[in-house]
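A.B. asks: what follows is a protein structure lacking sequence information:
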């Protein structure tokens, strides 16, 4: 599986609400505007799983890859509306080692605005 396919499996797992299929390294680091930096597979899974009930679909816009790095633009179709997300991934030996998510968190934190 190439690195874009690894990232695609991460997004498909979110779409299908089956995080057990995400190829995360045990020592993955995860950063997002809504949480301090997280370390470890269990911490990342716990955080992501909190958003699964709100996610209706995932639409991948574009992947850009160079070596072990993949940058992905995607839309989360949620109960709060469509939220554009840009994520930076570092993939080593078929496992995601680093995730940095960039998004406007206002629809999630202020759903009535």
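C.D. replies: Here it is on my side, so go on. What you see is a predicted model; the values in this text were computed from it and never measured.
A.B. asks: mind giving me the packing neighbours of the lowest-mean-pLDDT helix or strand in the chain?
C.D. replies: Least confident helix or strand of the chain, by mean pLDDT, DSSP states H and E, is helix 106-109 with a mean of 74. Applying 3 or more CB pairs under 8 Å, 6 or more residues apart in numbering; DSSP states H and E, we find helix 106-109 packed against strand 81-92. For the C-beta atoms, the positions are set from N, CA and C on the backbone; glycine is no exception.
A.B. asks: ok, residues contacting the next helix or strand after the strand it packs on?
C.D. replies: For strand 81-92, the succeeding helix or strand toward the C-terminus, using DSSP states H and E, is strand 95-103. Residues from elsewhere that reach strand 95-103, judged by CB atoms under 8 Å, 6 or more residues apart in numbering: 6-7, 10, 22-25, 27-33, 44, 83-91.
A.B. asks: which parts of this protein are helices?
C.D. replies: Counting by DSSP state H, one finds helices in the chain at the ranges 3-16, 41-49, 106-109.
A.B. asks: winner for burial among these?
C.D. replies: helix 3-16 (a mean of 18; mean count of other CB atoms under 10 Å).
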